[in-house]
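# predicted structure and sequence below. I'll ask about it afterward.
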Amino acid sequence: MRIKRLFLVGIMLFLSFSLFAQESEEVIKEHDKIKKKLNEINDSTPPWDIGGSFNINLTQLSLSNWAAGGENNIAANSKFVVFANYKKKKASWENFLDIGYGMIKQGEESLRKSDDRIDFSTKYGRLLNEKTLFLTAMGSFKTQFMPGYNYPNDSVMISNFMAPAYAMLSLGIDYKPNKRISIFAAPVTGKMSIVLDDSLSAKGAFGVKAGNKIRNEFGGFVKVVAKKDFTDNISASSKLELFSNYINNPQNIDIEWEVLINLKISKYITMSLNTHLIYDDDVMIGIDKNGDGNVDMEGPRVQFKEVFGIGFMFKF
């Protein structure tokens with residue numbers, strides 16, 4: 001009797017293990033199928049995302065016998081942005097180019113530039129965990145197209161192409177919780193300030209020593225980028241960059257912060273507000289106290305620019 005019971009228990013255990021093994025095998029097969037489908041979807045997704053935009057804003061004011069006073073003026077600002085981003089498996093490569101140029105003529109004054117910039121950055125990262133952390137190397141380069149002058153004295157040049165220019169190389173961690181936010185922290189960063197114009201480098205402009213054309217710095221760098229589409233017609237983006245020189249006055253942090261808000265009025269007409277704030281403790285800003293075109297004093301200052309306009313925008 002006892003032998004029969006043991007035999008029945010053995011059969012039941014055998015059947016149970018067989019069923020469990022079969023179910024486990026089916027679960028594993030189903031899991032492999034799902035994983036294979038996901039890999040096929042990822043492989044079929046184009047790795048490159050390329051696009052950009054071009055916009056131009058125009059303003060004009062004409063006055064005749066206007067009792068309240070004022071001056072005729074005309075202004076134009078243009079902006080060209082292009083990006084090329086690559087993402088496949090654990091690799092992420094982002095490239096960004098921002099070019100801006102603007103001119104303004106007020107009253108009898110000569111034509112002056114109101115915006116002038118070349119801003120390029122490239123960032124390559126390898127995924128460290130399942131979703132959000134990337135080991136990243138980043139490079140950037142910034143300069144301008146045309147000379148800038150100490151208006152109203154247009155004989156005193158204060159900037160030029162490659163004077164200044166800023167090149168930076170960074171290695172750190174990029175935290176990207178979603179497509180809208182990137183927080184890049186780089187404890188290892190080399191920054192190069194370049195002044196190739198002889199007259200400006202001789203004065204020690206933009207932080208270089210008088211007579212030198214290049215200034216090297218080593219420090220830490222943080223870059224925070226955030227984008228948000230509030231509606232189909234309203235979008236905003238913010239880019240904040242912070243740099244601290246480990247060797248010389250690390251408490252004096254260089255700051256660059258840009259904010260762009262776009263309101264789409266029609267397919268090609270957009271209203272935009274762009275603000276740009278810069279603080280660099282090594283850049284001396286000349287102040288003309290009495291308006292005679294001569295610099296009376298110099299020192300680090302918060303630089304701020306705001307551009308508001310309505311114009312044409314084309315995205316591609």
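Received the coordinates, thanks.
# tell me how many other residues surround residue 115.
Other residues near residue 115 come to 19 when the count uses other CB atoms under 10 Å. For the C-beta atoms, the positions are set from N, CA and C on the backbone; glycine is no exception.
# can you tell me the element it falls in?
According to DSSP states H and E, residue 115 maps onto strand 112-127.
# am I right that residue 206 is in contact with residue 160?
No - the pair formed by residue 206 and residue 160 falls short of the contact definition of CB atoms under 8 Å, at 10.8 Å.
# so what sits against both of those two?
By CB atoms under 8 Å, 6 or more residues apart in numbering, residue 206 and residue 160 have these common neighbours: residue 200.
# could you name the helices and strands sitting against the strand holding residue 115?
Counting contacts by 3 or more CB pairs under 8 Å, 6 or more residues apart in numbering; DSSP states H and E, strand 112-127 is packed against strand 73-88, strand 91-106, strand 133-143, strand 148-150, strand 303-315.
# buried residues in that strand?
Across strand 112-127, burial judged by 16 or more other CB atoms under 10 Å covers 112, 113, 115, 116, 118, 119, 120, 121, 123, 124, 125, 127.
# low-confidence stretches in this structure?
Along the chain, segments meeting pLDDT under 70 span 1-44, 68, 291-295.
# outline the domain layout of it.
1-45, 47-315 (automatic domain parsing).
# can I take it that residue 206 is in a helix?
Yes - assessed by DSSP: H, G, I helix; E, B strand; the rest coil, residue 206 belongs to a helix.
# OK, contacts around the nearest residue to it once chain neighbours are set aside?
Nearest residue to residue 206 in three dimensions, chain neighbours excluded: residue 164, at 4.0 Å (CB to CB, 6 or more residues apart in numbering). Residues in contact with residue 164 (CB under 8 Å, 6+ apart) are 143, 193, 194, 195, 205, 206.
# hang on, residue 114 packs against residue 73?
No - the criterion here is CB under 8 Å, and residue 114 misses it with residue 73 at 10.8 Å.
# now do the strands in the stretch 151-300 of the chain.
153-159, 165-178, 181-194, 214-229, 234-245, 254-264, 269-279, 285-287, 297-299 (DSSP state E, counting those that start in this stretch).
# make CSV out of these and add mean neighbour count and distance to residue 78.
Converted to CSV, the strands of the stretch 151-300 of the chain look like this (neighbours: other CB atoms under 10 Å; distance: least, CB to CB, whole Å):
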stretch, mean neighbour count, distance to residue 78
strand 153-159, 14, 19
strand 165-178, 18, 21
strand 181-194, 18, 25
strand 214-229, 17, 22
strand 234-245, 17, 18
strand 254-264, 17, 14
strand 269-279, 17, 12
strand 285-287, 13, 26
strand 297-299, 10, 32
